[in-house]
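> what follows is a predicted protein model with its sequence.
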Amino acid sequence: MADPVKAEPLAALREAQHTMLHRAIRFNLVALALTMGAMTGFILWFATLVLLLRGGSAVGLHLNLLGVFLPGYAVTWPGAWIGLLWGFVAGAASGALLYWTYSRPLRHGFANQVIEGTSNDDLRAPVMRLSGHALGASLGALGALQLILATNWLVVRGTASQSPTAALLGQYLPGYTVTPLGSIVGALQVFVWAYVASLVVAALYNGIARLRAHA
């Protein structure tokens, strides 16, 4: 039988940890958005600079296609800085959406997302469970939204018929075409694939974390 004298400070410690994690969920939305924005912007800037330094007759033939989605971007020295700005904006928006959709369901069932040791004398910090449902919903929604926006932007520009690279997605997403209806068909498949993959990843992660917590 557990000693109530020892259990009280342990319960207080865990309550404090839960409170801190609740606050971290709100704070990390901004942190993840800024981090993903900086990383995406830097990667696009760096990739552009590498191509420019290498030179050649058809420098940046494929990367130049991003100019369709990022106005002003091109594989040029000024374009590298425009890509840095657009990369930051796109990365930050994606990071914010990803974290917001992932953390939202956790606020309603936070206690169920914590893996703790079985010993009352174990003062190790609890491990946060990875929610396969929340992760799948967030990654699926982000991927589906990006596919819909990218496809319909090509349609609005009137370049849908001149986008063979985008049309190649139909080989991996049956029924996808560079049309509004095709974007929805493709988006549904992206969501399903991301959701299923997230469930598998979460199951593996949680299984390992549970074994370590009870070791």
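Here it is on my side, so go on. Residues are numbered from 1 along each chain as shown.

> now do the SS call for Gly56.
For Gly56, the assignment made with DSSP: H, G, I helix; E, B strand; the rest coil gives coil.

> state the distance from it to Val75.
10 Å (CB to CB, to the nearest Å). No exception for glycine: its C-beta is placed from N, CA and C like everyone else's.

> now Asn64
Here Asn64 is placed at a distance of 5 Å from Val75 (CB to CB).

> higher neighbour count, these two?
Val75 (22 against 17; other CB atoms under 10 Å).

> quick check: that one is in a helix.
No. Judged by three-state DSSP, Val75 forms no part of a helix; its state is coil.

> flag every buried residue along stretch 80-95.
80, 82-88, 90-95 (16 or more other CB atoms under 10 Å).

> out of those, flag the one nearest to Ala150.
Ala150 lies nearest to Ala90 out of the buried residues of stretch 80-95, by CB to CB, at 10.9 Å.

> and Ala166, its phi and psi?
Dihedral pair for Ala166: phi -70, psi -40, per degrees, to the nearest 10.

> going forward, the N-terminal residue is numbered 27.
Noted, 27 is the first residue going forward, which turns the last one into Ala192.

> now it. Nearest residue, chain neighbours left out?
Val204 (5.2 Å; CB to CB, 6 or more residues apart in numbering).

> which ones are touching that neighbour?
Thr177, Leu180, Val181, Ala186, Ser187, Ser189, Ala192, Ala193 (CB atoms under 8 Å, 6 or more residues apart in numbering).

> can I get the residues you listed in a markdown table including neighbour count?
Shown next, in a markdown table, are these (neighbours: other CB atoms under 10 Å):
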| residue | neighbour count |
| --- | --- |
| Thr177 | 25 |
| Leu180 | 21 |
| Val181 | 16 |
| Ala186 | 19 |
| Ser187 | 10 |
| Ser189 | 17 |
| Ala192 | 22 |
| Ala193 | 16 |
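
> make CSV from these and add distance to Phe217 to it.
Formatted as CSV, the contacts of Val204 follow (distance: CB to CB, whole Å):
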residue, distance to Phe217
Thr177, 14
Leu180, 20
Val181, 20
Ala186, 22
Ser187, 26
Ser189, 22
Ala192, 18
Ala193, 20
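
> what is the neighbour count of Gly233?
If we define neighbours as other CB under 10 Å, then Gly233 has 10 of them.
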